[in-house]
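Chemist: missing the sequence, but the structure's below:
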C-alpha cells in the first residue's frame, strides 16, 4: 500500500453535535445508544446533518494452511462452497443485505479453488491459501502487501462510486485460529484465554487449538512489526479486510466492524495506524470466545449482543437499520424549539 494519510478526527463540532442531540424533543440520553451512534456518525462526517450513502458490505474469502493442524472440524473445501453460496444469494449475509438495501461484494482473496469467471466475484486471489504458520509465516511480506493493496483498491472504487459507509465480512475455514493468534500477539493475551469453539470445536478441540497457537507464537516470538505479524499469522482475507479498513479511514468513511475475524483485521489495522479506530462503529459482540477480549483491547462499545458467531458480516448488516435510525432522528426529529414544546426548567 502507499503511505497512508489518515487524519485525526476533528473535535471542534463536538459541542454543537451534543447540543443538537440533547435538545431534541426527549429527555437527555433517553435514546440510549442511538445517541452515541448519531454523535459518532456526525463526528466522522464533520456535520450536523449526517447522511448514509450507498452502504456496501465486502465479504472476503481465503483458505488457511493452519487447518493441517486439525484446528477446525470442517474441511477446507467448505470455504469455496460457501463462496458459491454467497454468489447464488443463499447465505445469511445475502438475506440481510437484501433486506436492508446494502450492496454486497464478494472477493476471492486467497481461496484454494479455481472459480469460474463471474461478474459477481472479485478475483483478488493472492495465493491458493496461506501456509501453515506452525511451520513458517502464513504469507510473505510481499503477499501481505498485495492483499492490503487489494482491499484498499476495492474500497477506493466503492468510495469513488459514492459510498460513504462500508462493512466487512469474511469466510475461511481455519480463520478463527488466525484471528486468535493475531489477538494474542498484538494484545499480549494467552491462547488459553483467547481460544474458542470457532466452527464448532468441542472442549478437547479448543485445548488443542490453544496449544497449536502457543507453539506458533513461540516459533515466531521475535517479530514485532505489525505488518510482519499480520503476514505471519493472518489470512489473505484478513489482510484484504485490513487494507480496506485503512483505506476507508483515509477516505473518511464509516466503518462497520463485524465479529471476531473482522475485528482481528481491525486490531492489525490499529497496530499499523491507531486512528483507524476513530472511524469505526462496532456493530455487535460475537459469541466467539476472544471477541470480548478484542473489544476490550480496542475500548469498544458494540451496538448489539445477540449471541451471533456466524461471521460473513451478518452483525454489521443487522445493525445497519439502527445506524440509519440514529441518522434519521438527528435529521428529522424536532427540537424543543421547533415543536414549541417546553423544555425542563
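Modeler: That came through, no problem. All values derive from a computational prediction rather than experimental measurement.

Chemist: what does the worst-scoring helix or strand of the chain on mean pLDDT contact?
Modeler: Counting by mean pLDDT, DSSP states H and E, the chain has its least confident helix or strand at helix 336-339, which shows a mean of 79. The set of residues external to helix 336-339 that reach it, using Cβ atoms under 8 Å, 6 or more residues apart in numbering, is 23, 24, 25, 342, 343. C-beta: built from backbone N, CA, C; applies to glycine.

Chemist: in the stretch 1-150 of the chain, what spans have low per-residue confidence?
Modeler: Along the stretch 1-150 of the chain, the parts satisfying pLDDT under 70 run over 1-2.

Chemist: hang on, the earlier thing: check the offset of the least confident helix or strand of the chain from the chain's centre.
Modeler: Centre-to-centre, helix 336-339 and its host chain are 39 Å apart (Cα atoms, centre = their mean, to the nearest Å).

Chemist: again with stretch 307-319
Modeler: A distance of 10 Å separates the centroid of the chain from that of stretch 307-319, by Cα atoms, centre = their mean.

Chemist: what sits against the closest residue to residue 334 other than its chain neighbours?
Modeler: Using Cβ to Cβ, 6 or more residues apart in numbering and skipping the chain neighbours, the partner closest in space to residue 334 is residue 25 (5.2 Å). Residue 25 sits next to 333, 334, 335, 336, 338, 339, 341 when contact means Cβ under 8 Å, 6+ apart.

Chemist: contact partners for the first one?
Modeler: The one in question is residue 333. Neighbour list for residue 333: 24, 25, 26 [criterion: Cβ under 8 Å, 6+ apart].

Chemist: okay, the residue lying closest to the last one once chain neighbours are set aside and residue 39: tell me how far apart.
Modeler: So that's residue 26. Leaving aside its chain neighbours, residue 26 sits nearest to residue 333 (7.8 Å; criterion: Cβ to Cβ, 6+ apart). As judged by Cβ to Cβ, to the nearest Å, residue 333 and residue 39 stand 14 Å apart.

Chemist: now do residue 332
Modeler: Taken as Cβ to Cβ, the span from residue 332 to residue 39 is 17 Å.

Chemist: who has more neighbours, these two?
Modeler: Applying other Cβ atoms under 10 Å to residue 332 and residue 39 shows that residue 39 carries more neighbours, namely 18 against 8.

Chemist: surely that one meets residue 21?
Modeler: Yes: A contact is recorded between residue 39 and residue 21 when judged using Cβ atoms under 8 Å, the distance being 6.3 Å.

Chemist: can you say which of the contacts of helix 336-339 are buried?
Modeler: With burial judged by 16 or more other Cβ atoms under 10 Å, the buried subset of the contacts of helix 336-339 is residue 24.

Chemist: residue 256: which of the contacts of helix 336-339 is nearest?
Modeler: Distance to residue 256 across the contacts of helix 336-339 (Cβ to Cβ) is lowest for residue 24, with 24.2 Å.

Chemist: need the contact list for the closest one.
Modeler: Contacts of residue 24 were listed using Cβ under 8 Å, 6+ apart, and they are 31, 329, 333, 334, 335, 336.

Chemist: nearest to residue 265, of the contacts of helix 336-339?
Modeler: residue 24 (35.4 Å).

Chemist: would you map the strands across this structure?
Modeler: 56-62, 103-110, 121-123, 165-171, 254-257, 280-282 (DSSP state E).

Chemist: a markdown table for the ones you listed, including mean neighbour count?
Modeler: As requested, the strands of the chain are arranged in a markdown table below (neighbours: other Cβ atoms under 10 Å):
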| stretch | mean neighbour count |
| --- | --- |
| strand 56-62 | 30 |
| strand 103-110 | 24 |
| strand 121-123 | 17 |
| strand 165-171 | 29 |
| strand 254-257 | 28 |
| strand 280-282 | 24 |
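
Chemist: shouldn't residue 288 be in contact with residue 309?
Modeler: Yes: taking contact to mean Cβ under 8 Å, the distance of 4.7 Å between residue 288 and residue 309 places them in contact.

Chemist: between these two, which contacts overlap?
Modeler: Contact criterion Cβ under 8 Å, 6+ apart; residues bridging residue 288 and residue 309 by contacting each: 197, 259, 260.

Chemist: nearest spatial neighbour of residue 317, skipping sequence neighbours?
Modeler: The spatial neighbour of residue 317 that comes closest, neighbours along the chain excluded (Cβ to Cβ, 6+ apart), is residue 96 at 3.7 Å.

Chemist: from residue 71, how far off is that neighbour?
Modeler: Spatial separation of residue 96 from residue 71 under the definition Cβ to Cβ is 28 Å.

Chemist: more crowded one of those two?
Modeler: Each of residue 96 and residue 71 has its neighbours counted (other Cβ under 10 Å); residue 71 has more, 27 against 22.
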